[in-house]
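Engineer: Sequence and predicted structure below; questions after.
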There are 2 protein chains.
Amino acid sequence: MSLTESDIIDRFFSAGGPKRADVLLGIGDDAAILGMPRDHDLVTSVDMLIQGRHFPEDMTAVDIGYRAMAVNLSDMAAMGAEPAWATLALSVPEASESWLSGFSTGLLGLAGLHGVALVGGDTVKGPLAMSVQIMGFVPCGSALRRDGARPGDGVYVTGRPGEAAAGLAIWRRGLQEPQGPAAGLLRRFTRPEPRLAEGRDLRGIASACIDVSDGLATDLGRLARASGAGAIIDLDALPMSDALSAVADPIEARSYVLGGGDDYELCFTVPQWALSDFERCASRWGCPVTAIGEICEQQGLYARISDEIEALEEGGFDHFR
Amino acid sequence: MSLTESDIIDRFFSAGGPKRADVLLGIGDDAAILGMPRDHDLVTSVDMLIQGRHFPEDMTAVDIGYRAMAVNLSDMAAMGAEPAWATLALSVPEASESWLSGFSTGLLGLAGLHGVALVGGDTVKGPLAMSVQIMGFVPCGSALRRDGARPGDGVYVTGRPGEAAAGLAIWRRGLQEPQGPAAGLLRRFTRPEPRLAEGRDLRGIASACIDVSDGLATDLGRLARASGAGAIIDLDALPMSDALSAVADPIEARSYVLGGGDDYELCFTVPQWALSDFERCASRWGCPVTAIGEICEQQGLYARISDEIEALEEGGFDHFR
């Protein structure tokens, strides 16, 4: 292995994506120096990905790089934030040029699409693992949070939740170059699209918002709990895509929609008074949005089917179970 | 293993160290929301630590937590920045309560001493590895950088570089409860003290600054290169502590001082015009500071001994060699 840490940074990461005037000092010093816009709050989150746990062993380097950036951008979307800067901590078992080149292509490519500059990082030798920290901003006081939902608010979800989990199942069956609907599902797993424009549109409209990383039921349950309330999901209203129906029977499809992770869609609540503003902005979105239920007083997660309401077991995924 | 990810966060990390009024939303949402002071730049860096590579296999959880925070605080010190917030990405093979408790004690304990709040994180199952990202601020335009040194500037180093490397050597020989000078050296390895107050004092005084993480020669070489200049080290002026002299012969001691990593001291340059201001502020410091050489026109790293100047082979540590 002949690449040194500084070779790796110079060759694969120093370009760092788009140039931003607010990056006063980027990669190469002890820290980055960044200019914050006035009257904005800083919004930041971090996600760590481990091979074999958060992505399959045989995932390509480009897809891994894309994913490491996408999951963080999705957190910015859930806050209604404008992403600006990212740092990368990367542990790789060996300094393979082709792997590093693919990884940085995926990571910086998606960053570039959203105007995010890579401003710092650390590259070490070790098991394949990475954490990306993203930083962005919102006008003071306008960030979306999980804890603002109130009884009576409608519950919505963007896109087609469950498709990514169905895509992962296809991957696990070894169909890495599928055709037809399966190809679309696989792409939903490998190339989730963070809903950044939608999240920003929801500032001042949504009372609460979360991104669906661990499954719709689990994440809506978190939103309701943080808000000190409960949520009722109309099972008949759940979005069921043609692609999902083509690869799964109705029961299996519903379990993908409610329990499948990795979608990175937004689940959010809208109070009655904001409905007309919401409908106006959602009509401009490039992705579907579905009303799937409502917030209720009684804490917990409930399912409504044919006007009967039952407690819903929370599904989803916990990394330590 | 019965602890879930949210149990781990609730029990060991949610307290998050000191309460800060500028943490508008801390751990528990998709991202943290942080209030930036006006007319300040944001300064941020990330460091990743891997077991067996950046700390010994048998290091205690408290010491690992301390180290993960210390190396990042040291980056803030090198920028002259005031640290404010941190996030943690943590991968652990199992959710051991005693390990997590020790780790969070070390991490949050040191964070608390410097007023740093833990505002977010991600906890996953995997090989023992962690990255801490630190965020802080400086009045606009006042951050210390590596690239401002000019020929004629004096070169200085805080503390006793080399002691941490000597401490690590003692650890590796299995002397985990040594006596006398060795005990002090071991503590310099396990409990490096980030030079935050000293870094802040150097704003407006130092022309360039770097923290000594990979060895004095390597890091001074980086500072000189970033500044488009060279550096001459007066070998006879290097600080040699009594503790170091007690455990190593003079040649070995000098190689610790020049090549030993993990010190987290500050190496910086001061122009002639700022010398009196510098001496005034350094006289208040709780740690020693030593003039060890000067910046020169000719790029490269040089040693002066008895008025002879020779090129100095850069030592130090590269994670990918």
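Structural biologist: Done, it's in. Numbers count the residues shown, from 1 in each chain, chains lettered A, B, ... in the order given.
Engineer: Is chain B within reach of stretch A:23-31?
Structural biologist: Yes. Judged by CB under 8 Å from any CB of the partner chain, stretch A:23-31 comes into contact with chain B at A:Leu24, A:Leu25, A:Gly28, A:Asp29, A:Asp30, A:Ala31. From N, CA and C alone the C-beta is placed, and that goes for glycine too.
Engineer: neighbours of the fifth one, just the number please.
Structural biologist: Applying other CB atoms under 10 Å in any protein chain shown, we find 28 other residues in the vicinity of A:Asp30.
Engineer: And the third one, by the same measure?
Structural biologist: A:Gly28 is flanked by 17 other residues according to other CB under 10 Å.
Engineer: So A:Asp242 sits against A:Pro181, correct?
Structural biologist: Yes. Contact criterion CB atoms under 8 Å: A:Asp242 and A:Pro181 qualify, at 6.9 Å.
Engineer: For those two, work out which one has more neighbours and name it.
Structural biologist: Using other CB under 10 Å as the criterion, A:Asp242 and A:Pro181 rank with A:Pro181 on top: 18 against 9.
Engineer: hang on, that one packs against A:Val247?
Structural biologist: Yes. The pair A:Pro181 / A:Val247 is scored as a contact, 6.1 Å apart, by CB under 8 Å.
Engineer: So A:Trp196 sits against A:Val116, correct?
Structural biologist: No, residue A:196 isn't Trp; it's Leu. No. Using CB under 8 Å, A:Leu196 is not in contact with A:Val116; the gap is 9.9 Å.
Engineer: Can you pick out the residue with more neighbours from these two?
Structural biologist: Shown here are A:Leu196 and A:Val116; by other CB under 10 Å, A:Val116 has more neighbours (29 against 23).
Engineer: ok, now how distant is that one from A:Thr87?
Structural biologist: The spacing between A:Val116 and A:Thr87, counted by CB to CB, to the nearest Å, is 11 Å.
Engineer: in the sheet, who's paired with A:Asp47?
Structural biologist: On the basis of DSSP bridges, A:Asp47 is bridged to A:Val132.
Engineer: which residues does it contact?
Structural biologist: A:Ala68, A:Val71, A:Asn72, A:Asp75, A:Ser131, A:Val132, B:Ala89, B:Asp122 (CB atoms under 8 Å, 6 or more residues apart in numbering or on different chains).
Engineer: host element of the last one?
Structural biologist: For B:Asp122, the host element (DSSP states H and E) is strand B:117-125.
Engineer: cool, the second one as well?
Structural biologist: Assignment of secondary structure by DSSP H and E places A:Val71 within helix A:61-79.
Engineer: and that helix with chain B, contact?
Structural biologist: Yes. Using CB under 8 Å from any CB, helix A:61-79 reaches chain B at A:Ser74, A:Asp75, A:Met76, A:Ala78, A:Met79.
Engineer: Tabulate these (TSV), appending distance to A:Val157.
Structural biologist: Output for the residues of helix A:61-79 next to chain B, formatted as TSV (distance: CB to CB, whole Å):
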residue	distance to A:Val157
A:Ser74	13
A:Asp75	17
A:Met76	18
A:Ala78	12
A:Met79	17
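Engineer: which pair in those spans the largest distance?
Structural biologist: A:Ser74 and A:Met79 (10.0 Å; CB to CB).
Engineer: re the thing from before, and for A:Leu196 and A:Val116, which residues touch both?
Structural biologist: Counting by CB under 8 Å, 6+ apart, the common neighbours of A:Leu196 and A:Val116 are A:Leu73, A:Pro83.
Engineer: Run through the residues of the stretch 101-250 of chain A sitting next to chain B.
Structural biologist: A:119-127, A:129, A:131, A:133-135, A:138, A:140, A:143, A:145-147, A:209-211, A:226.
Engineer: Angles on the backbone of A:Ile210, please.
Structural biologist: Torsion angles at A:Ile210 (phi, psi; degrees, to the nearest 10) stand at phi -150, psi 150.
Engineer: Does it touch A:Leu220 like I think?
Structural biologist: Yes. Counting by CB under 8 Å, A:Ile210 does reach A:Leu220; the two are 7.4 Å apart.
Engineer: Between those two, which contacts overlap?
Structural biologist: A:Cys267.
Engineer: How far away from the center of its chain is stretch A:48-68?
Structural biologist: On the basis of CA atoms, centre = their mean, to the nearest Å, stretch A:48-68 sits 14 Å off its chain's mean C-alpha point.
Engineer: what's the domain layout of chain A?
Structural biologist: For chain A, automatic domain parsing gives the domain ranges A:5-139, A:154-311.
Engineer: Single out the most deeply packed of the ones you listed.
Structural biologist: Burial of the domains of chain A is given as mean neighbour count (mean count of other CB atoms under 10 Å in any protein chain shown); domain A:5-139 ranks first at a mean of 22.
Engineer: Roughly how far does A:Val257 sit from A:Thr105?
Structural biologist: Distance from A:Val257 to A:Thr105, counting by CB to CB: 32 Å.
Engineer: looking at chain A, which helix or strand does the model trust least?
Structural biologist: Least confident helix or strand of chain A, by mean pLDDT, DSSP states H and E, is helix A:5-8 with a mean of 77.
Engineer: counting contacts, what elements does it pack onto?
Structural biologist: On a contact count with 3 or more CB pairs under 8 Å, 6 or more residues apart in numbering or on different chains; DSSP states H and E, helix A:5-8 meets strand A:117-125.
Engineer: which two in the residues of stretch A:23-31 next to chain B are spaced the farthest apart?
Structural biologist: Within these, A:Leu24 and A:Asp30 form the most distant pair, 14.0 Å apart (CB to CB).
Engineer: on that earlier part again, and the residues of stretch A:23-31 next to chain B as TSV, adding secondary structure and pLDDT?
Structural biologist: Shown next, in TSV, are these (DSSP: H, G, I helix; E, B strand; the rest coil; pLDDT from 0 to 100):
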residue	secondary structure	pLDDT
A:Leu24	strand	94
A:Leu25	strand	93
A:Gly28	coil	85
A:Asp29	strand	88
A:Asp30	coil	90
A:Ala31	coil	94
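Engineer: from these, which single one is nearest A:Pro93?
Structural biologist: A:Pro93 lies nearest to A:Gly28 out of the residues of stretch A:23-31 next to chain B, by CB to CB, at 24.9 Å.
Engineer: so the closest one sits right up against B:Arg222, yeah?
Structural biologist: No. Using CB under 8 Å, A:Gly28 makes no contact with B:Arg222, being 9.1 Å away.
Engineer: which residues do these two both contact?
Structural biologist: Common neighbours of A:Gly28 and B:Arg222 (CB under 8 Å, 6+ apart) are B:Arg146.
Engineer: B:Leu118 versus the nearest residue to A:Ala70 once chain neighbours are set aside, what's the distance?
Structural biologist: Take A:Ala70 and drop its neighbours on the chain: the residue closest to it by CB to CB, 6 or more residues apart in numbering or on different chains is A:Pro192, 5.1 Å away. According to CB to CB, A:Pro192 and B:Leu118 sit 28 Å apart.
Engineer: all strands for the stretch 101-250 of chain A, in order.
Structural biologist: Assigned by DSSP state E, counting those that start in this stretch, the stretch 101-250 of chain A shows strands spanning A:117-125, A:129-139, A:154-158, A:208-212, A:230-234.
Engineer: Paired strands for the third one, with orientation please.
Structural biologist: What that stands for is strand A:154-158. Here strand A:154-158 is paired, per DSSP bridges, with strand A:265-270 (antiparallel), strand A:289-296 (antiparallel).
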